[in-house]
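Undergrad: show me the folded form of this:
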Amino acid sequence: MTGVEQGAVIGVLMLALLALRVHIGIAMLAAGSIGYVWVSGLGPLLKYLQSGVYARYSVYDLSVVPLFLITRNGRVMGGLVNKPVTNVLMMIVTAIITTLNLYLLFDTISGLF
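TA: Numbering: from 1, shown residues only. Next up is the predicted model:
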């Protein structure tokens, strides 16, 4: 089977899952995982998921801190500034995410030696 045919089969699978009212994120995860296993095998998928999780958290979550600082600033946001309750919740979430990132960084570095 050619790559185009494989892509078409996976696309039809994803559309079928959506027609069955499966959440779009689950449908995309299932179709993508099945396609990856079909092309590369289960071992490479598991290795990718193991390294991909760290890569995702180490890149995107660092944007939470500037976002928090910008959205609580009244001069930048004007009338759309966060409420005090939202600021407290964002501080808690930012602290949790930063702590997890520091733990992952420490765990990765200590595993190298």
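
Undergrad: look up how far residue 18 lies from residue 51.
TA: Distance of residue 51 to residue 18, given as CB to CB, to the nearest Å: 29 Å. No exception for glycine: its C-beta is placed from N, CA and C like everyone else's.

Undergrad: can you name the element that comes right after the lowest-mean-pLDDT helix or strand in the chain?
TA: In the chain, the helix or strand scored least confidently by mean pLDDT, DSSP states H and E is helix 42-59, which has a mean of 71. Heading C-terminal from helix 42-59, the first helix or strand you meet, by DSSP states H and E, is helix 64-71.

Undergrad: where in this protein is pLDDT low?
TA: Within the chain, the stretches with pLDDT under 70 are 52-62, 112-113.

Undergrad: quick check: domain ranges of it?
TA: 1-40, 54-113 (automatic domain parsing).

Undergrad: from one end of the first one to the other, what's the distance?
TA: Terminal residues of domain 1-40 lie 14 Å apart, using CA to CA, to the nearest Å.

Undergrad: chain center to it: distance?
TA: 19 Å (CA atoms, centre = their mean, to the nearest Å).

Undergrad: could you give the angle of the helix ranked longest in the chain to helix 64-71?
TA: Taking DSSP state H as the criterion, the chain has its longest helix at helix 84-112. Put simply, helix 84-112 runs at 160 degrees to helix 64-71, going by axes from the mean of the first three to the mean of the last three CA atoms, to 10 degrees.

Undergrad: how much space separates residue 94 from residue 63?
TA: Per CB to CB, residue 94 is found 11 Å from residue 63.

Undergrad: likewise residue 45?
TA: For residue 45, the distance to residue 63 - CB to CB - is 27 Å.

Undergrad: compare those two (neighbour count), which wins?
TA: residue 45 (19 against 9; other CB atoms under 10 Å).

Undergrad: the more buried one touches residue 34, doesn't it?
TA: No. Between residue 45 and residue 34 there is no contact under CB atoms under 8 Å: 9.6 Å.

Undergrad: give me the neighbour count for residue 14.
TA: Residue 14 has 20 nearby residues by other CB under 10 Å.
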